[in-house]
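attaching a predicted model along with its sequence, questions to come.
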Amino acid sequence: MDPMKFSQRVLDWFDAHGRKQLPWKENPTPYRVWVSEIMLQQTQVATVIPYYERFMVRFPDIRALADAEQDEVLRLWAGLGYYARARYLHQAAQILHERYDSQMPLDIAALQELPGIGRSTAGAILALAAGQRQPILDGNVKRLLARFKAVDGWPGQSRVQAALWELAEHFMPVQRIADYTQAVMDLGAIVCIPHQPHCEICPLVEDCVAFAQKRQADFPAPKPRRELPVRAIQMLLVRTDNNEVLLERRPPAGIWGGLWSFPECPIGVDVADWCRERLGLTVTVEPPWGVMRHGFSHFHLDITPVPVMVAEPSSIVMEEEGFVWYNEGYSASRGMAAPVRRLLAVLVNKIV
DNA sequence: AAAACGGGGGG
DNA sequence: CCCCCAGTTTT
């Protein structure tokens, strides 16, 4: 299909049916587009909007984000998941502040140097905020192109990915690149959806190879799956008779990096001994709660919550950095992963 | 309860 | 290149 015809159909559809009321589309500066693209990598539009608006009120520009404490950035991100992305965003803002006078360089190579920005995100920023002719290849576009040209194979394979980039470049128009970029993403998100796509209203249906072969469901090929291993840990719900609960900040990288969580003790280790040695606390160990299974992309985590009561009067002060005695009212002030927040909510309910 | 989903960093 | 990274939404 002629690229001009392809983009014209996509743009005509967009003019009639595209989403135009999104917060990041009003005043689409490079910074605002960047933040929206990072949030949208992991979460659907409807969920992102309130997070995006809160984030923009608190961090209206790169300077504000660069000056913030990581803790506060993570707090506003908490619940969105993929916390490494929030850390990269924050790091990148600091780099921009130091090296680029708090401006985003409107250059594809310079953008890709920044942590958390790859080819597709860099392309989206430049196309949407600067009108540069750059291709994008997010999940929506991958699916649309894979179907349109019946591209076989899982897009995680570099050969397949390269073929899709080739197509993305091929179909890019010369005019209205910002609208086109938004349009292909919207078309993938609204019409060419993962299951039971709405081919009957698709502007590209006449020339879609997958549709012609009635093989829409075959593209893109799914990621080959593997059995997920299971890890198990104990989370210690350490509380005092003042109803304070001990939280520990997790190491800066890795799972839930930089977020607040309960102290973790390996399965099989004696909890009272562990508390004495690692926390300097004498505790009374109570019966464990039922196991909570938490799914990650590479393993399952079986969490055994073990409530323990600090045996001594609660005058204990942890001087060590990275610990905090939580009490009610702190809830909004710490970034916590979802299962930790759920556990804490249950615990607070019990002790109130 | 299980499966689907996405883009980028790092080895 | 392939593997690692998380949590919400959908089935």
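Thanks, I have the structure now. Numbering: from 1, shown residues only, chains lettered A, B, ... in the order given.

outline the domain layout of chain A.
With automatic domain parsing as the criterion, the domains of chain A are listed as A:3-218, A:230-351.

not counting residues beside it along the chain, what's closest to A:Gly116?
A:Tyr88 (3.0 Å; Cβ to Cβ, 6 or more residues apart in numbering). Every residue, glycine included, has its C-beta placed from N, CA and C.

and the domains of chain A as CSV, adding distance to A:Pro224?
Compiled in CSV, the domains of chain A are given as follows (distance: least, Cβ to Cβ, whole Å):
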stretch, distance to A:Pro224
domain A:3-218, 7
domain A:230-351, 14
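
could the ones you listed be laid out in a markdown table, adding mean neighbour count?
Listed next are these as a markdown table, based on neighbours: other Cβ atoms under 10 Å:
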| stretch | mean neighbour count |
| --- | --- |
| domain A:3-218 | 18 |
| domain A:230-351 | 15 |
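
which one of these lies closest to DNA strand B?
Closest approach to DNA strand B among the domains of chain A (Cβ to the nearest atom of the strand): domain A:3-218, 2.3 Å.

show me the helices in the stretch 51-200 of chain A, by range?
With helices called from DSSP state H, counting those that start in this stretch, the stretch 51-200 of chain A shows them at A:62-67, A:70-77, A:83-99, A:108-113, A:119-130, A:139-148, A:158-171, A:177-190.

got JSON lines for those helices, with mean pLDDT too?
JSON lines is the format used below for those (pLDDT from 0 to 100):
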{"stretch": "helix A:62-67", "mean pLDDT": "94"}
{"stretch": "helix A:70-77", "mean pLDDT": "88"}
{"stretch": "helix A:83-99", "mean pLDDT": "91"}
{"stretch": "helix A:108-113", "mean pLDDT": "91"}
{"stretch": "helix A:119-130", "mean pLDDT": "93"}
{"stretch": "helix A:139-148", "mean pLDDT": "92"}
{"stretch": "helix A:158-171", "mean pLDDT": "91"}
{"stretch": "helix A:177-190", "mean pLDDT": "92"}
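
now tabulate these in CSV and tack on distance to A:Val271.
Compiled in CSV, the helices of the stretch 51-200 of chain A are given as follows (distance: least, Cβ to Cβ, whole Å):
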stretch, distance to A:Val271
helix A:62-67, 40
helix A:70-77, 28
helix A:83-99, 27
helix A:108-113, 46
helix A:119-130, 44
helix A:139-148, 43
helix A:158-171, 47
helix A:177-190, 47
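
ok, which of these comes nearest DNA strand C?
That would be, of the helices of the stretch 51-200 of chain A and by Cβ to the nearest atom of the strand, helix A:158-171, which comes in at 4.0 Å.

do the closest one and DNA strand C meet at all?
Yes - counting by Cβ under 7 Å from any atom of the strand, DNA strand C has neighbours in helix A:158-171: A:158-159.

hang on, A:His294 in a strand?
Yes - according to DSSP: H, G, I helix; E, B strand; the rest coil, A:His294 belongs to a strand.
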